[in-house]
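Engineer: Structure here, sequence nowhere to be found:
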C-alpha cells in the first residue's frame, strides 16, 4: 500500500511541474535564440571576412606579378568577386565591393589615408585606382564590402557602419616584381 501511495504522490508532483517548465522555457527561449543566432551571425561575418582577405590576396598576387597591371577598377573588382561567389552572388559583390589601390616608389613614402567617414561609412571619393601599375613599385591594395547584419537585435552590437552593416576589410601591401624586361628594382 505504501508503494502505491508513493507512486501516486510522485506522479501528482510531476504533473504539477510540467506547466511551470514550459513557462520557464518560454522566458529563457528568446535569450537562448538570440545568443544562438548571434553566434551564427558572428561566425558568418568572420567567414566572409576571411573569404574577402583570401580573394584580395589572390588579386594582389596578380598585380605583384604583372598579370593584372593593366586591369581597370571594375576588372579588379570582378577578379575579387569571382572568388567570393560561395555565399555572395557575383552581381551583389560587384555592386557593393569597393577597392582602393595605390602605388608608391618606396615603403617610406607610402601613406595609408582613411577611406571611412566619422560614422563608419565608406568615403568612395577618397578611394583611388591608378590607370596602370608599374613594376618595382610599392602597392597598397584594400578591399571593402558592407555586410548586412541579418539578426535584428545583434545589429547594434555588431555594426561598424550605418544601416546595420558590418564593414568587411582586406588589405595587402607589397613591392611588385620586375615583370617587364626593362624593369630593375
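Structural biologist: In hand now; what should we look at? It should be emphasised that the depicted structure is a prediction, and the values quoted were computed from it without experimental measurement.
Engineer: What helices and strands are in contact with the longest helix along the chain?
Structural biologist: For the chain, the longest helix by residue count, based on DSSP state H, is helix 2-64. Helices and strands touching helix 2-64, as assessed by 3 or more CB pairs under 8 Å, 6 or more residues apart in numbering; DSSP states H and E, comprise helix 73-81, strand 138-148, helix 155-158, strand 165-175. Every residue, glycine included, has its C-beta placed from N, CA and C.
Engineer: Could you list the low-confidence segments of this protein?
Structural biologist: By pLDDT under 70, the low-scoring segments of the chain are 1, 6-18.
Engineer: and with 80 instead?
Structural biologist: Filtered on pLDDT under 80, the chain yields the residue ranges 1-21, 85-87, 131, 152, 183.
Engineer: picking up where we left off before, the longest helix of the chain vs strand 138-148, what angle?
Structural biologist: Calculated by axes from the mean of the first three to the mean of the last three CA atoms, to 10 degrees, helix 2-64 forms an angle of 140 degrees with strand 138-148.
Engineer: Return the angle between stretch directions for helix 2-64 and helix 73-81.
Structural biologist: For helix 2-64 against helix 73-81, the angle by the same axes, to 10 degrees is 140 degrees.
Engineer: Work out the gap between helix 2-64 and the centre of the chain.
Structural biologist: Chain-centre distance of helix 2-64: 23 Å, with CA atoms, centre = their mean, to the nearest Å.
Engineer: now it and strand 165-175, what's the angle there?
Structural biologist: Interaxial angle of helix 2-64 relative to strand 165-175 (the same axes, to 10 degrees): 40 degrees.
Engineer: coming back round to it: so for residue 57, which of the helices and strands packed on helix 2-64 sits nearest?
Structural biologist: Among the helices and strands packed on helix 2-64, strand 165-175 comes nearest to residue 57, with 5.6 Å by CB to CB.
Engineer: What helices and strands are in contact with the closest one?
Structural biologist: Judged by 3+ CB pairs under 8 Å, 6+ apart, the packing partners of strand 165-175 are helix 2-64, strand 138-148.
Engineer: Please work out which of the ones you listed is packed deepest.
Structural biologist: A comparison of those by mean neighbour count, using mean count of other CB atoms under 10 Å, puts strand 138-148 on top with a mean of 21.
Engineer: Quickly run through the sheet partners of it, with directions.
Structural biologist: Neighbouring strands of strand 138-148 in its sheet, by DSSP bridges, are strand 98-104 (antiparallel), strand 165-175 (antiparallel).
Engineer: which residues touch the shortest one?
Structural biologist: In this structure, residues lying in contact with strand 98-104 by CB atoms under 8 Å, 6 or more residues apart in numbering are 63, 73, 76-77, 80, 110-111, 115, 122, 124, 127-130, 133-134, 137-145, 176.
Engineer: cool, stretch 74-85 as well?
Structural biologist: 48, 51-52, 54-56, 58-59, 62, 68, 71, 88, 90, 93-94, 97, 99, 101, 129, 143.
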